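Visitor: Structure for the following, please:
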Amino acid sequence: MSSGEPPSGEELDHAAVELRNSLMRIARRLRAQRPPGELTLGAMAVLGRLERDGPATASELAAAERVTPQSMARPVARLVDMELVERRPDPADGRQTLLHPTEQGLEFVRADRERRDVWLARAMATHLNDVERDLLRLTTRLLDRLATAPDETGPASSDGTTAAVAPTPTRP
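Guide: Residues are numbered from 1 along each chain as shown. Purely as a prediction, here's the structure:
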């Protein structure tokens with residue numbers, strides 16, 4: 001690809017594969033910083049989302065995590081059993097139940113993040129030079145833009161076609 005010319009579809013496809021593979025390797029390394037058997041990834045995702053976004057219904061959590069409401073039942077029950085999350089009536093709609101992180105849950109998720117942040121900061125300090133760390137900081141902004149980009153097409157089906165994805169509902 002020469003300067004000023006847009007990349008070909010093949011070049012973008014290759015870059016996307018490399019990016020996905022790198023992100024998956026980093027995600028695995030970050031997950032490895034968790035003590036074994038603490039919580040499933042699904043339960044950690046729920047607890048983290050409640051800590052970041054505040055109370056939510058199980059249906060809202062399922063939509064945000066892009067899983068079925070039935071799939072949300074097990075991690076929520078585990079978090080409630082461990083007293084990391086509690087159920088409270090929704091003050092705006094008494095028929096609904098909101099899930100709230102407990103103080104113990106907030107402490108748990110923050111300690112988990114700190115453990116992973118420490119590993120990542122040490123790895124960056126040890127294996128990257130100043131220019132590479134600056135480039136990585138800029139890259140995080142680009143990754144955030146990709147992560148928040150609206151879905152124009154859904155996941156690929158077995159025949160390689162894609163389907164439109166409905167937007168994730170949000171609480172007022």
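Visitor: where's the residue most central in space within the chain, which helix or strand?
Guide: Centrality entry for the chain: nearest residue to the mean C-alpha point is Ala45, 6.6 Å, by CA atoms, centre = their mean. Using DSSP states H and E, the element containing Ala45 is helix 41-53.
Visitor: avg pLDDT for that helix?
Guide: Taken as a whole, helix 41-53 carries a mean pLDDT of 94.
Visitor: Show me the contact partners of it.
Guide: 31, 34, 39, 56, 61, 64-65, 67, 71-72, 74-76, 78-79, 84-85, 99-101, 105-106, 108-110, 112-113 (CB atoms under 8 Å, 6 or more residues apart in numbering). All C-beta spots, glycine's among them, are computed from the backbone N, C-alpha and C.
Visitor: give me the number of residues near the residue nearest to Asp90 when sequence neighbours are not counted?
Guide: Nearest residue to Asp90 in three dimensions, chain neighbours excluded: Gln96, at 3.8 Å (CB to CB, 6 or more residues apart in numbering). Using other CB atoms under 10 Å, Gln96 is surrounded by 14 other residues.
Visitor: and the helix or strand hosting Gln96, average pLDDT?
Guide: Element membership for Gln96 (DSSP H and E) is strand 93-101. What strand 93-101 shows for mean pLDDT is 94.
Visitor: which parts of that strand are buried?
Guide: Leu98, Leu99, Pro101 (16 or more other CB atoms under 10 Å).
Visitor: what residues are up against the last one?
Guide: Counting by CB under 8 Å, 6+ apart, Pro101 touches Leu47, Leu50, Glu51, Leu84, Val85, Val109.
Visitor: I appreciate the help and will end here.
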